[in-house]
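In: Generate a structure from the sequence data that follows.
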Amino acid sequence: MLDGYDLLIPGPTTLDPTVLQEMVRPVVPHYGAAWTAYYQETIGLLKNVFDTSGPVFAIPGSGSAGLDAAISSCIGSKDRLLILANGFFGDRLAEIATSHFPETAIEQLSVDEPITDSRLLDALAKHPAITAVMVVHSESSSGLLNPIESLGALCRERGVTFLVDAISSLGGVELSMDRMNIDVCVSASQKCLEGPPGLGLVAVAPQAWSRMKAYATRGWYLSLQTWQRYADKWADWHPYPITMAVPALRALRRGLERVLDEGLSARWLRHREMAAWLMARTAALGFEGVFPENRASPTVIALRPPEGLSVETVMARLREDHNLLIAGGMGSYKGKAFRIGNMGVQASIARLQPFVDALELIVAQERSERNV
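Out: Below you'll find the predicted structure:
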């Protein structure tokens, strides 16, 4: 059992007690006028965080369910999708996309660099039939941040639909669907939005939805067209096609209230400042950031240990001696780096100082053992 450990992993994150309290309230029906009003208010909060006036769907399932729904519902039979992948979760996008559209174009880019405008332009020149592009915003497998604002501007200039995986960034990194020309954006409840696992979130910009609503899609549960049909047909009492996950939605609602009470600009700044604080404190102990600040995600901090100290040793000693759980690197960074979730309540001195103190003890212990 993992009870009793303090979480510093990149999701699911530690939850505020007021969020946890929502999960133990008595279950209520997922339909009826009162619940429908509560649900629609919650969707309104999500629209504020995504910064869109288009439809937003809260689908019981993981972030991957949201990605599956977005790709299968928002790419038409005459479209051609391009995936720009520079990490493990970019590869995940490619895997999902090709399961629906085998002809998907995939550009495997360096996992050590953000996706540049020139890389996007080169890919569009190489694949002239492309009508849609999808990227990961915060590549949480490595802690790399991709510049979605400039990529979105290029896609808009060329009339290309722009889809973004913002699962580990929404609520912690600056993002605006309207301003950044994002047509479809996917996130999840359990990371920077301070909710529990269980809800995949998909937002579609109005101009994109006007094109996509008539697309024929395979499947039923993960079809956004199905969800919107019930949102229209049963709008006054049951605005979705399934049994809604009532405790998860209530908890997410409280998390969203916390996000918006803090203010998005203030929240983005806090995550940046705490990321810089953590990088400086760990650098003083000999740990090296995988990416410099101008390339690094402020919500997932990836560090290499000093020489003589392995990733496995750091993670084991944090777990066994200090009751702290962090995550190892993924993909190309497996065994080479470890990751800390600088998200929500975890992005604070109160949560990160004990981690830094524990690293200091581990480094001192390792040096002492080497000198015996």
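
In: switch to C-alpha atoms for all contacts and neighbour counts from now on
Out: Noted.

In: Go ahead and confirm residue 180 touches residue 152.
Out: Yes - using Cα atoms under 8 Å, residue 180 is in contact with residue 152, at 5.7 Å.

In: Compare the two (neighbour count), which wins?
Out: residue 152 (25 against 18; other Cα atoms under 10 Å).

In: Now the more buried one: phi and psi?
Out: Taking degrees, to the nearest 10, you get phi -60, psi -40 for the backbone angles of residue 152.

In: so the nearest residue to it once chain neighbours are set aside is in which element?
Out: What sits nearest to residue 152 in space, not counting adjacent residues and going by Cα to Cα, 6 or more residues apart in numbering, is residue 181, at 5.0 Å. Following DSSP states H and E, one finds residue 181 outside all helices and strands.

In: which residues are in contact with the helix or strand harbouring residue 149?
Out: Assigned by DSSP H and E, residue 149 belongs to helix 148-157. Applying Cα atoms under 8 Å, 6 or more residues apart in numbering, the contact partners of helix 148-157 are 116-117, 120, 133, 137, 161-162, 164, 179-182.

In: mind redoing it with 7 Å?
Out: 117, 137, 161-162, 180-182 (Cα atoms under 7 Å, 6 or more residues apart in numbering).

In: got the phi/psi numbers for residue 134?
Out: phi -130, psi 140.

In: give me the beta-bridge partners of it?
Out: Beta-bridge partners for residue 134, by DSSP bridges, are residue 83, residue 163.

In: Distance check, it against residue 67.
Out: From residue 134 over to residue 67 the distance is 10 Å, taken as Cα to Cα, to the nearest Å.

In: ok, the two, which is more surrounded?
Out: Neighbours per residue (other Cα under 10 Å) separate residue 134 from residue 67, with residue 67 holding more: 29 against 26.

In: buried ones in the host helix or strand of that one?
Out: Using DSSP H and E, residue 67 sits within helix 63-74. Going by neighbour count (16 or more other Cα atoms under 10 Å), the buried part of helix 63-74 is 63-74.

In: Over to stretch 93-105?
Out: Those buried within stretch 93-105 under the rule 16+ other Cα under 10 Å are 93-98, 100-101, 104-105.

In: likewise stretch 259-279?
Out: So, applying 16+ other Cα under 10 Å, buried residues of stretch 259-279: 259-260, 264, 267-268, 270-272, 274-275, 277-279.

In: and what of stretch 334-348?
Out: Buried residues in stretch 334-348 (16+ other Cα under 10 Å): 336-348.

In: residues in contact with that stretch?
Out: By Cα under 7 Å, 6+ apart, stretch 334-348 touches 8-11, 14, 16, 172, 191-194, 271, 274-275, 298-304, 311, 326-329, 352.

In: In strands only, show me the residues you listed.
Out: 300-304, 327-328 (DSSP state E).

In: so which two of those are the farthest from each other?
Out: Largest separation among those by Cα to Cα: 300 and 304, giving 13.4 Å.

In: neighbour count winner among these two?
Out: Legend: neighbour count by other Cα under 10 Å for residue 300 and residue 304, higher for residue 300 (29 against 22).

In: what residues are up against that one?
Out: Residue 300 touches 10, 140, 143, 339-342, counting by Cα under 7 Å, 6+ apart.
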